[in-house]
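> just to be clear, the model below is a prediction. Sequence and coordinates:
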Amino acid sequence: MIGIIVAVIFIIRLYFLKISRANEKRILQEGGKEFGVKNTKYITILHILFYASCVVEHFINGTKIDTIGIIGLVLLGFSIFMLNTVVHLLEGIWTVKLMLVKNHKFNNHWLFRTVKHPNYFLNIIPELVGLALLCHAKYTAIVIMPLYAIVLYRRIKEEEKILAEIIIPNGTY
């Protein structure tokens, strides 16, 4: 059952990746730019590695859905809901990459004013924690999560710099 749930979550993530790729293509065609290419590669590798490692731990341990797994499932559901929310709020400019449209402005929605980087704190982190809990992947959490935290910290720092130097000076919408 857990394997099926992880496969469904993975398919949902592929759907959002398709949205990202379409947005990336359009952003570049309209004169936008990509930043932090190297760090994006690390994030991508670690995300795939995290999923694969969780699945391997699940199959090695033969984990079943229990209270911890249900908590993980709730976190995964929350993360998908928040991913969908962020994608819709960013109206066609959301990507998994760090990209800016030409004359990028700050989205003044209450979510972005209240939670800095909701895509990371309300989507990615709950997704990773939820997946690790669902699969009882303690070694994945111990080994890969700290590495992911480092690259996510770097991404947030890159984004903070771009926000301060480019986006905020362009105004809000």
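Everything's here; your move.
> pull the contacting residues for the spatially most central residue of the chain.
The centre of the chain sits closest to residue 124, judged by C-alpha atoms, centre = their mean, with a distance of 3.8 Å. For residue 124, the contacting residues are 79, 152, by C-beta atoms under 8 Å, 6 or more residues apart in numbering. In this view, the C-beta of every residue, glycine as well, is placed from N, C-alpha and C.
> swap in residue 138?
Here residue 138 is in contact with 57, 132 (C-beta under 8 Å, 6+ apart).
> how far away is it from residue 73?
Remark: distance between residue 138 and residue 73 (C-beta to C-beta, to the nearest Å) = 17 Å.
> surely residue 54 and residue 130 touch.
No: contact criterion C-beta atoms under 8 Å: residue 54 and residue 130 do not qualify, at 10.0 Å.
> more neighbours, these two?
Each of residue 54 and residue 130 has its neighbours counted (other C-beta atoms under 10 Å); residue 54 has more, 26 against 22.
> contacting residues for the more buried one?
Residues in contact with residue 54, defined by C-beta under 8 Å, 6+ apart, are 6, 131-132, 134-135, 137, 140.
> would you state the helices of this structure in chain order?
Ranges of helices within the chain are 2-29, 37-61, 67-89, 110-114, 118, 125-135, 138-162, based on DSSP state H.
> so which of those helices is the most surrounded?
Of all these, helix 125-135 has the most neighbours on average by mean count of other C-beta atoms under 10 Å, namely a mean of 23.
> against residue 95, how distant is the residue of the chain most remote from its centre?
What lies farthest from the middle of the chain is residue 62; by C-alpha atoms, centre = their mean that is 27.2 Å. Look at residue 62 and residue 95: by C-beta to C-beta, they are 38 Å apart.
> please apply the same query to residue 115.
19 Å.
> out of the two, which sits in the busier spot?
Per other C-beta under 10 Å, whichever of residue 115 and residue 95 has more neighbours is residue 95, with 23 against 14.
> next, give phi and psi for the more buried one.
Dihedral pair for residue 95: phi -140, psi 160, per degrees, to the nearest 10.
> and residue 122, how many neighbours?
Neighbour tally, residue 122, other C-beta under 10 Å: 19.
> just give the nearest non-adjacent residue to it, would you?
Once flanking residues are discounted, residue 122 sits nearest to residue 82: 4.0 Å by C-beta to C-beta, 6 or more residues apart in numbering.
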